[in-house]
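1. Test case, fold it:
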Amino acid sequence: VKIYDTLSGKWSTARTSVFRSDKTAVARLGNKVLFAGGLALHVRHGETDAVDVYDAGSATWSVTHLSEARDGMASTSVGDRAIFAGGEVSYLNAVSAVDIYRDLDPTFSLDGNIRRSGKNKLDVTFQNSGDASLPAGYSINVIATTGSDAFSSPTLLGTTSLHTSVAPGVGTAVTLSVSLPSRTFPRGHYDIFAAAVPPGRGHAVLFASLLDAFTVRRVVPAAAKEIPPSANPQVSPGVFSMQPMHTLEPVDSHSRRDVPDVLA
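-> Numbers count the residues shown, from 1 in each chain. Here you go, the predicted structure:
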């Protein structure tokens with residue numbers, strides 16, 4: 001099984017519990033993907049009853065089983081249930097069984113995008129493709145980092161709170177106005193990530209990335225003074241604006257010539 005990580009842009013490889021050659025039914029349920037039945041190698045009659053479940057949230061696998069081994073099933077998902085219907089065994093022997101898999105741990109699952117809509121703006125869009133609502137009170141944070149891990153020394157670019165829950169199948173958008181890039185950032189190549197952060201202490205969920213968003217080649221000379229970002233940015237539901245992360249005091253023309261432009 002080839003798995004593509006949309007945040008890092010990298011591929012990884014995993015293996016299911018049995019070697020399948022054809023006619024496997026697939027269904028998505030929240031942040032889980034189910035691979036059910038199919039024609040399998042090293043199985044006496046050819047079909048398997050195995051259902052391999054991949055949880056994208058935890059990057060883990062588990063196995064459950066159909067009521068009977070078969071291939072060629074129809075599959076779909078509704079709410080917190082995945083349904084596998086019909087199929088056949090031993091070539092053209094039809095099966096009338098319907099197997100229903102219920103997700104005992106439903107959760108929201110966010111699919112999103114970050115794009116630059118102008119020199120100083122980022123648009124963040126996302127949809128809840130999970131089987132549970134994203135609760136109200138979560139914050140959407142946008143961060144920049146130079147590390148391979150998004151939470152390795154991140155710089156917060158902006159944040160806003162969700163005042164209402166986001167139901168499964170519903171999408172929303174926020175627009176971030178920020179001074180990008182800032183020459184006060186440490187030099188390096190920066191990626192931008194968006195994350196849903198629960199109120200209080202909790203695990204942040206990354207859902208979108210903008211890789212190689214900008215590069216800082218040289219920082220501002222030490223003589224320049226940083227002014228910290230505003231502690232109380234103006235926030236409104238759905239759309240929010242931030243003051244520039246850092247504001248620089250004017251420098252003389254000689255100093256300014258010594259600082260090359262930062263590539264966006």
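2. shaky segments in the chain?
-> Residue ranges of the chain with pLDDT under 70: 42-45, 147-152, 179-184, 201, 218-264.
3. for it, longest strand please?
-> strand 205-216 (DSSP state E).
4. in that one, what counts as buried?
-> Neighbour-count burial for strand 205-216 flags 205-210, 213-214, 216 (criterion: 16 or more other C-beta atoms under 10 Å). Heads up, the C-betas are built off the backbone N, CA and C, glycines and all.
5. Same check on stretch 52-70?
-> 52-55, 66, 69-70.
6. Which ones among these lie within strands?
-> Checking the buried residues of stretch 52-70 against DSSP E, those in strands are 52-55.
7. okay if I get those residues as CSV plus distance to L176?
-> Below are these laid out as CSV (distance: C-beta to C-beta, whole Å):
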residue, distance to L176
D52, 39
V53, 36
Y54, 32
D55, 30
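8. Q127: which of those is nearest?
-> Among these, D55 lies closest to Q127 (C-beta to C-beta), at 19.3 Å.
9. For L122, give me its contacts.
-> Counting by C-beta atoms under 8 Å, 6 or more residues apart in numbering, L122 makes contact with 114-116, 142, 157-158, 175-176, 178, 180, 192, 210.
10. Output stretch 114-132 as CSV, nothing but the C-alphas.
-> C-alpha atoms of stretch 114-132 as CSV (Å, rounded to 0.1, in the frame of the first residue of the first chain):
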residue,chain,number,x,y,z
ILE,A,114,-3.2,27.2,2.0
ARG,A,115,-2.7,29.7,-0.8
ARG,A,116,-1.2,33.1,-1.2
SER,A,117,-4.0,35.5,-2.4
GLY,A,118,-1.8,38.6,-2.4
LYS,A,119,1.5,39.9,-1.3
ASN,A,120,0.5,40.0,2.3
LYS,A,121,-2.4,37.5,2.5
LEU,A,122,-2.9,33.8,3.0
ASP,A,123,-6.2,32.1,2.4
VAL,A,124,-6.9,28.9,4.4
THR,A,125,-9.8,26.7,3.4
PHE,A,126,-10.8,23.3,4.9
GLN,A,127,-13.6,20.8,4.9
ASN,A,128,-14.6,18.3,7.6
SER,A,129,-14.5,15.0,5.8
GLY,A,130,-14.7,13.0,9.1
ASP,A,131,-17.6,11.3,10.8
ALA,A,132,-17.9,13.7,13.8
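11. so who does D55 touch?
-> With C-beta under 8 Å, 6+ apart, D55 has these contacts: 31-32, 61-62.
12. from the residues you listed, which is closest to D22?
-> W61 (20.8 Å).
13. What spatial separation is found between the closest one and D111?
-> Using C-beta to C-beta, to the nearest Å, W61 is found at 21 Å from D111.
14. got it, and S75?
-> In terms of C-beta to C-beta, S75 sits 20 Å off from D111.
15. who's more crowded, these two?
-> Per other C-beta atoms under 10 Å, whichever of S75 and D111 has more neighbours is S75, with 21 against 15.
16. Wait, the more buried one touches I83, no?
-> Yes. In this structure, S75 is within contact of I83 by C-beta atoms under 8 Å, at 6.7 Å.
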